[in-house]
Every structure is written in C-alpha cells, then in structure tokens.
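Undergrad: Compute the structure for the input listed below.
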Amino acid sequence: MIVVDTGVLYASADEDDTHHVPCATLLGRHPGPLLVPVPVITETSWLIETRLGPAAEARFLRATRGELSRVDLVDQDWDRAIELVETYADLGLGLVDASVVAVAERLRVTEVATTNRRDFFVVRPRHVNAFTLLP
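TA: Sure thing, here's the model as predicted:
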C-alpha cells in the first residue's frame, strides 16, 4: 500500500516528462492499493487538462475509478494538514502535499510515491522516522 502524490500521476500521463518511465512503471507494477488523496486528484486533473488536454484528463479520471483508490479527507486529515502547512510554512508545503502526509499517517502507510523529494524528505511523519520515497 502506497500513497501517491501529484508528480507521479502527472509524469505517468505525460510521455515527455523526465520521470515518465519510472513513474508509469511503478504505477503499473505496484501490487497496490494505490491510495490517492482527493486533493491530489484535483491538482493532477488540472495539470493534465491544462498541459495535455481534455482527452488526457478524461483518461486520468477513468483511472481514478479503477486503478487508483481515492481517499477522501476526514476531519482528522484536515486538522493535520493545517498543522503541517503551518509547521512547514518556510517550505511552502501546501494542502496537497500535506494531505498526502495526513492520509499516510492516518492509514499508517510508510511508502509515498512522489517526484517531490525535497518536501517529503524534510517532513517528519508521526508514525515513522521518515517515509520511504518511491520510485
């Protein structure tokens, strides 16, 4: 079980992205479940639509109904995300990345799929010393 961040999802959709091959391979081969917080889906959908077009966005959205497991944020996640945004204000963590951390903590997931090594290397989750970052 891994929590997936925007960069991995976007890179897997964009064949010209420098991270395309490792991200597409990870998503295609990981036994799952591939947990995706809803804010990640929103951000990824917007990026794909603006950069790759509506057809690519539709393909991505279809994947969120089958290959990916959507995770809605609960109050505990919102509270933790706010705390993380405040704690890591100098980093500019933001809601989307904070939601990845909050969901991973709540579900006790230790692996995060991300191309954003900087933020996820710095943030200290509550349930482990550090996340295992993939790919």
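
Undergrad: show me where the chain has strands.
TA: Counting by DSSP state E, residue ranges of the strands within the chain are 2-4, 34-37, 69-71, 111-113, 132-134.

Undergrad: Report the mean per-residue pLDDT for the first one.
TA: Per-residue pLDDT over strand 2-4 has a mean of 98.

Undergrad: Name the surrounding residues that touch it.
TA: 27, 30, 32, 34-37, 40, 68, 71, 100, 103-104, 107, 109, 111-114, 134 (Cβ atoms under 8 Å, 6 or more residues apart in numbering). Heads up, the C-betas are built off the backbone N, CA and C, glycines and all.

Undergrad: okay but residue 134 is in contact with residue 115, surely?
TA: No: applying Cβ atoms under 8 Å as the test, residue 134 and residue 115 come out as separate, 10.0 Å apart.

Undergrad: For those two, work out which one has more neighbours and name it.
TA: residue 115 (20 against 17; other Cβ atoms under 10 Å).

Undergrad: if we can go back for a sec, out of the strands of the chain, deepest packed?
TA: Counting by mean count of other Cβ atoms under 10 Å, strand 2-4 has the highest mean neighbour count of the strands of the chain, with a mean of 27.

Undergrad: one step back: among the strands of the chain, which comes closest to residue 95?
TA: Nearest of these to residue 95, taken as Cβ to Cβ: strand 34-37 at 9.6 Å.

Undergrad: elements contacting that closest one?
TA: strand 2-4, strand 69-71, helix 94-107 (3 or more Cβ pairs under 8 Å, 6 or more residues apart in numbering; DSSP states H and E).

Undergrad: Parallel or antiparallel, list what pairs with it.
TA: strand 2-4 (parallel), strand 69-71 (parallel) (DSSP bridges).

Undergrad: Give me the residues contacting stretch 81-101.
TA: 3, 5-6, 37-40, 42-43, 73, 77, 80, 102, 112, 114, 116, 118-120, 122-123, 125.

Undergrad: And those, which of them are buried?
TA: 3, 5-6, 37-40, 43, 73, 77, 80, 102, 112, 114, 116, 119-120, 123, 125 (16 or more other Cβ atoms under 10 Å).
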